[in-house]
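Novice: sharing a model that was predicted from the sequence below.
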Amino acid sequence: MARSNVKKQKRTVKFMKSGAMDRKMVYDKKIKPIKERMIETEKKRQKKEEDEIHDAEMTHKEEIAKLQAADPIHDGDTSDDEDNVSLEDALCDQDLEDQLEEAQEVESEDEDPEEDPSSAGKQELTLSDMAGLFQQLDPTPSLRGLKRAIHAFRTAANQGYLGVGDSQKTEEKAFIKDIQVFELIVTVGAERIPAAFDAILGRKTGDSKKPYQFEKWASIKQMAKGYAASVSKLITSTGLPDAMIGHVLRNTVKLVDFLYVHIAIARTLLNACLHHVANTNAKIQLVAFLVVRQMALPGSLPPPFTDICMKGMYLTFVKNTRTFNHETHSTVSYVMNECVELFGVDLASAYQHMFVYTRQLAIYLKTALQSGAGEDAFRHVYNWQYINSLRLWAMTASRYNDEKELLPLVYPLCQVACGVVELFPSPKTFPLHLIVIGILNHLSKAAGVYVPVAGYILRILSSPEFAKNYRKQESSSRPHDLMFVLRAKKADFSSFSYQSSVWNEAIYLLTEHLAHQSHSIGFPELVYPITARLKKLSKELSNNKWRQTVTSLLQKIKNASDFIVKKRKAVTFGPSAVDKVQAFEAAIQEEGTPFFKSYVKDKQRRDDMRKSRMESLKTTKRKTVDEYAEAEDDDEESEENLADLAQADDIDDESDDESMESFNEEREEPEEEPPQQQQNGNAGKKQRWGKRKRAA
C-alpha cells in the first residue's frame, strides 16, 4: 500500500509539472504577444495625443504672439504692466496670479474705507468692456477672445441672476455688479459663442462632419466642455427670467454636436432641459424639447444617448402626471405629445421602451389581481400616472401605425387596457372605465384592428343605477366632467347629474365604436347582438330622455345595416377574396356611411361643449384672481384711511385748553354729537377695518 501511494504521489507531481509547462507554453505563444501588442498600441496612442497637444500649444502660442505684435498697447511703454491688471487678464490669464496679487495690493492702498471688502481681489465686469469683447467674436474670432467670453459667461452662470451685485456668489476672479452687464453676457454670449466655435473650426451650416473631426478641434475641446457646463448651470438657476431661459435654450441646439466626446456634460445638459420640458411657459417647453430632440437624433451623439433621452422624457412625463385636472390638462397633454414626437425619432429604440414599460403596466395589473379584493389593492392601477401612461403608449402606437414597427405591441396593450376595465367592475369606477374605453376606440381606429368594447359599454348602460327614478330637482345641477374623474364620490354617485353624464358618455363611446366599424362588409352581423341588447334595455328604462336616446341609436344602426346590405348585393365575390373585401371596405370608407357622418356631427358638438366648459372654468378662475386683487387694493386704501384717522386723533389730543373748554361746553348740548361718541366711532371704524382685513 505504501509503494502504491508513493507512485500515485509521483504521478500527481509529474502531472502538475506537465500542466504548468503547458500553461507556460500557452502564455508564451498566445497571451504574451497579445499583451505586448496592446502595450505597444497604448504607447503609440499616448505619443499621438502628446503630439497633438504639443501642436495645439504651439499654434496657440503663435496666435498669442501675433495678437501681441498687432496690439497697439504693447507698442508703447509697458513698465506699468505689473501695477495695472486689465479686465482681459482677470478673465483669461489664470497663470498670472502674481501680477493680480500685486495689482490688488496697489488697489487696496487707494481703496475707500466704505467699499465692500467682499469684492477685494476681484475685477468687476463693466458694460463697455463686455460690449467690445463680444464685438470681436462676430467676424473672425480668436481663441483668446473666445476664451475671455467663455470665462465671462461662466462668471454669470456661477453668480446667478439673483446674485448680481454680490461678489461672494462666485469664486471667479471677476464678478458682475450691474444687471445690464449680466443680461448682455447671457443674451449676446449665448448667441455668439456657438457661432464662434464653428468659425474657428471652419465648419459651415449643413456640414456632415462632426466638430471633433476637424483639425483645430483640440484647441476648443475644453472650452466647449466648460461652456456647456455653464449653460446647464445657468438654465437651472433660480430667478432667471423666462425670456432669458428661452433665448439660451434656443441657441443651445447649435451646441449639441460639440458634446459628442463629452457624454457626462451631455447628460447634465439633458437633465437641465428635461427640467424645463414640463414648464408652464409654452415657449420654454418648445425650445427645451427641441434641444432634447436634437440630442436624441441618431448620429448627433453616441448611440446609447437616444435611449437615454427617451427614458428621461418618459420619466419626466410620469412625474408630471400625478394629478390631472383643468389646471394641469394643458401641461400634461403637451408633454404627452412631446413624448410621442420623440419616440418617432428612432422606432427601433421606441419599440424596446414601449415593450418594457407596457410589461411594467401588466405587472402592476397582475399584482392588483393577485392581491385580493378591495379598492386599496388597486391603488397602483387606479391612478392618473397609470392611466396616462396607458394613454401615452396607445397614442404612440396609433401615431406610427403605418411603419408597422410598433404594430406587434398593439395586442398586449389592448389586453392590459381590457384588464384594467375588468379589474374592479363597480359603478363607482364607471368614469375610469369610460376613459379606458375611449383609449381603446382611438387605438382601434388608428391601428385598423377590431377591439370588442361594446360588451363593456352595454354593461355600464345596463347597470341597475340607471333604472332608478331620481328626483327632478337634481336634474338642474351642472353636468360632471368625467374627463378628470377616476372614481365617483358618494355625494355624486346618487345624483342625477352624475348618472346623466355617465349615460351620455357611454352612448357616445358606443356610437364611436360602431361608427369606426360601419364601413365593414360584416357590419349587419356585427351589430345583431348589440341591437338585441339595446332593444331590451329601452323597455327597462324609466327615464324618457334616455329611452329616446337608445331608440335614436337603434334607428341609426338599422339605417347603416341597410346601407351595407344594399351595397353588398352588388358584389360578385365571397368572403375568401380578402383583397376584394378590403377594396370594398376602403371604397365605402372613402365615400362615408350615414352612421359615420352622424357621428362626426356628434363629435363636433361634444368637442365644442367641452371647449366652452374649459373656457368658462378659465374665465371663472381669472375673475376670482381679479376679485382677490381688488380686495387687496381695498385693504391698502383702508390702511391709508386708518392712518388719516389716527393722525386726526393726534391733532385733537394736542389742542389747547381754550379749545378743550369750548369743546366741553358744546358737549352739554343734546343736539350735537358728543366727542366721546366720535372717538368711539373712530375706534369702531378701526375695529371694522381690522376685521375686514383679517377676513380677506
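Specialist: Okay, I see it. Quantities reported herein were computed from a predicted structural model and do not represent experimental measurements. Numbers count the residues shown, from 1 in each chain.
Novice: next one: the residue lying closest to Lys319 once chain neighbours are set aside from Pro241, what distance?
Specialist: In space, Lys319 comes closest to Ala278 once its chain neighbours are excluded; the distance is 7.8 Å by Cβ to Cβ, 6 or more residues apart in numbering. Yep, even glycine has a C-beta here, placed from its N, CA and C like the rest. Distance, Ala278 to Pro241, using Cβ to Cβ, to the nearest Å: 19 Å.
Novice: these two: who's more crowded?
Specialist: Ala278 (20 against 11; other Cβ atoms under 10 Å).
Novice: list the residues that contact that one.
Specialist: Residues near Ala278 by Cβ atoms under 8 Å, 6 or more residues apart in numbering: 285, 316-317, 319-320, 331, 335.
Novice: out of those, which are inside helices?
Specialist: 285, 316-317, 319, 331, 335 (DSSP state H).
Novice: between those residues, which is closest to Asp492?
Specialist: Of all the ones in helices among the contacts of Ala278, Asp492 sits closest to Thr331, with 25.9 Å by Cβ to Cβ.
Novice: so who does that closest one touch?
Specialist: 278, 280, 320.
Novice: with Met295 instead?
Specialist: Residues in contact with Met295 (Cβ under 8 Å, 6+ apart) are 256, 259, 266, 269-270, 273, 301, 305, 309.
Novice: what of Val416?
Specialist: Contacts of Val416 by Cβ under 8 Å, 6+ apart are 358, 361-362, 365, 390.
Novice: pLDDT, distance to Val581 and secondary structure for the residues you listed - can I get that in TSV?
Specialist: Formatted as TSV, the contacts of Val416 follow (pLDDT from 0 to 100; distance: Cβ to Cβ, whole Å; DSSP: H, G, I helix; E, B strand; the rest coil):
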residue	pLDDT	distance to Val581	secondary structure
Thr358	95	31	helix
Leu361	94	35	helix
Ala362	95	34	helix
Leu365	92	36	helix
Leu390	96	32	helix
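Novice: PyMOL command to pick out the buried ones of the residues you listed?
Specialist: Buried residues within the contacts of Val416, by 16 or more other Cβ atoms under 10 Å, are selected in PyMOL with:
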select buried, resi 358+361+365+390
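Novice: state the distance from Asp178 to Gln385.
Specialist: From Asp178 to Gln385 the distance is 46 Å (Cβ to Cβ).
Novice: identify the residues contacting the residue lying closest to Lys283 once chain neighbours are set aside.
Specialist: Spatially, and ignoring its direct neighbours in sequence, Lys283 is nearest to Gly246 (5.2 Å; Cβ to Cβ, 6+ apart). By Cβ under 8 Å, 6+ apart, the residues touching Gly246 are 281, 283-284, 287.
Novice: just curious, which of the residues you listed is nearest to Thr140?
Specialist: Among those, Val287 lies closest to Thr140 (Cβ to Cβ), at 29.1 Å.
Novice: the closest residue in space to the closest one that isn't next to it in sequence: neighbouring residues, count only.
Specialist: In this structure, Val287 finds its nearest non-sequential neighbour in Leu249, 4.1 Å apart by Cβ to Cβ, 6+ apart. When neighbours are counted by other Cβ under 10 Å, Leu249 registers 24.
Novice: kindly report the same for the one 3 residues further on.
Specialist: Residues lying near Thr252 (other Cβ under 10 Å) number 24.
Novice: that one falls within a helix, correct?
Specialist: Yes - Thr252 forms part of a helix when assessed by DSSP: H, G, I helix; E, B strand; the rest coil.
Novice: could we number from 37 for the rest of this?
Specialist: Sure thing, new numbering starts at 37, so read that last one as Thr288.
Novice: just give the nearest non-adjacent residue to it, would you?
Specialist: Among residues not flanking Thr288 along the chain, Val327 sits closest, at 5.2 Å (Cβ to Cβ, 6+ apart).
Novice: quick one: the one you found and Leu295 touch, right?
Specialist: No - here Val327 lies out of contact with Leu295, judged by Cβ atoms under 8 Å, at a distance of 11.0 Å.
Novice: what touches both of those two?
Specialist: Common neighbours of Val327 and Leu295 (Cβ under 8 Å, 6+ apart) are Leu305.
Novice: just want to know which of the two has more residues nearby.
Specialist: Set Val327 next to Leu295 and count neighbours by other Cβ under 10 Å: Val327 wins out with 27 against 24.
Novice: give me the element that one is part of.
Specialist: helix 318-332 (DSSP states H and E).
Novice: in that helix, what's buried?
Specialist: 320-332.
Novice: what ranges does the protein have for its strands?
Specialist: 159-161, 210-212 (DSSP state E).
Novice: picking up where we left off before, can you list the contacts of Thr367 in JSON lines and add distance to Asn580 and pLDDT?
Specialist: As requested, those are arranged in JSON lines below (distance: Cβ to Cβ, whole Å; pLDDT from 0 to 100):
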{"residue": "Ala314", "distance to Asn580": "47", "pLDDT": "87"}
{"residue": "Thr316", "distance to Asn580": "46", "pLDDT": "82"}
{"residue": "Asn356", "distance to Asn580": "45", "pLDDT": "92"}
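Novice: residues contacting the residue lying closest to Ile593 once chain neighbours are set aside?
Specialist: Spatial nearest neighbour of Ile593, chain neighbours left out: Val563 (5.3 Å); criterion: Cβ to Cβ, 6+ apart. Contact analysis of Val563 by Cβ under 8 Å, 6+ apart lists 550, 593, 596-597.
Novice: how close does Val563 get to Leu546?
Specialist: For Val563 relative to Leu546 (Cβ to Cβ), the value is 10 Å.
Novice: quick one: low-confidence ranges for the stretch 587-732 of the chain?
Specialist: 653-732 (pLDDT under 70).
Novice: which residues touch Thr567?
Specialist: Each residue near Thr567 by Cβ under 8 Å, 6+ apart is listed here: 590, 593-594.
Novice: oh sorry, the question was meant for Lys616
Specialist: Counting by Cβ under 8 Å, 6+ apart, Lys616 touches 607, 609.
Novice: could you rerun that using 7 Å?
Specialist: Each residue near Lys616 by Cβ atoms under 7 Å, 6 or more residues apart in numbering is listed here: Phe609.
Novice: can you give me the neighbour number for Gly484?
Specialist: Neighbour tally, Gly484, other Cβ under 10 Å: 10.
Novice: how about the helices of the stretch 137-286 of the chain, start to end?
Specialist: Taking DSSP state H, counting those that start in this stretch as the criterion, the stretch 137-286 of the chain carries its helices at 163-171, 179-195, 215-237, 253-271, 278-288.
Novice: give me the contact list for the longest one.
Specialist: Residues from elsewhere that reach helix 215-237 (Cβ under 7 Å, 6+ apart): 161-163, 166-167, 170, 173-174, 176-177, 179, 182, 185-186, 188-189, 192, 197, 200, 212, 247, 250, 252-253, 256, 260, 263, 270, 280, 283-284, 287, 290-291, 294.
Novice: hmm, which of those are the buried ones?
Specialist: 161, 166, 170, 173, 177, 179, 182, 185-186, 188-189, 192, 197, 200, 212, 247, 250, 252-253, 256, 260, 263, 270, 280, 283-284, 287, 290-291, 294.
Novice: residues of stretch 366-381 that come out buried?
Specialist: Under the neighbour-count criterion of 16+ other Cβ under 10 Å, stretch 366-381 has 367-368, 370-372, 374-376, 378-379, 381 buried.
Novice: how about the CA coordinates for the helix holding Val327, as CSV?
Specialist: Once non-C-alpha atoms are left out, helix 318-332 reads as follows in CSV (Å, rounded to 0.1, in the frame of the first residue of the first chain):
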residue,chain,number,x,y,z
ALA,A,318,-45.3,77.0,-23.7
LYS,A,319,-42.3,78.8,-25.4
ILE,A,320,-39.8,77.4,-22.9
GLN,A,321,-41.4,73.9,-23.2
LEU,A,322,-40.9,74.0,-27.0
VAL,A,323,-37.3,75.2,-27.1
ALA,A,324,-36.3,72.7,-24.3
PHE,A,325,-37.9,69.9,-26.2
LEU,A,326,-36.1,70.9,-29.4
VAL,A,327,-32.8,70.6,-27.6
VAL,A,328,-33.8,67.1,-26.2
ARG,A,329,-34.9,66.0,-29.7
GLN,A,330,-31.6,67.2,-31.3
MET,A,331,-29.7,65.2,-28.7
ALA,A,332,-31.9,62.1,-29.4
